[in-house]
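1. the amino acid sequence is not available; the structure is as follows:
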């Protein structure tokens, strides 16, 4: 087993909503540069009024040791504005799993939990991310 040093790489995850039984799978790519987190995610469209089958979002945040906080903003090309979700989590000692809570303070407020499992520690250049990398989606 490889011990990773940060959160850079591809992660498969699932988030749950506190107010119903909904559970949604998603994939996120993180780049962890000196504890600054940037990332992109892809998930099935379970709530947006647009016709898109999948929703993409951008993550930005910070990691302090094993704890992290990141904002998730769905990309605007889908034609809707949904506000910012906040992810507060903790990564395992070997940086292979993470879990925590998410919150959406917009009215009505929503909350839930999430879990992440590292799929790869592959590093991508900006050009690869934008033009040639199709982030795998897991259902």
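-> On my side now, so go ahead. Given the structure is predicted, the values throughout are model-derived calculations rather than measurements.
2. does residue 6 fall in a helix, a strand, or a coil region?
-> coil (DSSP: H, G, I helix; E, B strand; the rest coil).
3. how about the one 5 residues further on?
-> With three-state DSSP as the basis, residue 11 sits in strand.
4. which ones are touching it?
-> 27-30, 98, 116-119 (Cβ atoms under 8 Å, 6 or more residues apart in numbering). For every residue, glycine as well, the C-beta is placed using N, CA and C.
5. try it again with 6 Å
-> By Cβ atoms under 6 Å, 6 or more residues apart in numbering, the contact set of residue 11 is 28, 116, 118.
6. beta partners for it?
-> Beta-bridge pairing for residue 11 (DSSP bridges): residue 28, residue 118.
7. tell me if I'm right that residue 95 and residue 4 touch.
-> Yes: applying Cβ atoms under 6 Å, one finds residue 95 in contact with residue 4, separated by 3.7 Å.
8. more crowded one of these two?
-> Set side by side, residue 95 and residue 4 show more neighbours around residue 95, with 20 against 16, by other Cβ atoms under 10 Å.
9. thinking again about what came up before, of the contacts of residue 11, just the buried ones, PyMOL syntax please.
-> Only the buried members of those end up in this PyMOL selection, burial being decided by 16 or more other Cβ atoms under 10 Å:
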select buried, resi 28+116+118
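10. partner strands of the helix or strand containing residue 61, with direction?
-> For residue 61, the element it lies in under DSSP states H and E is strand 54-64. Next to strand 54-64 in the sheet, as set by DSSP bridges, lie strand 36-44 (antiparallel), strand 67-74 (antiparallel).
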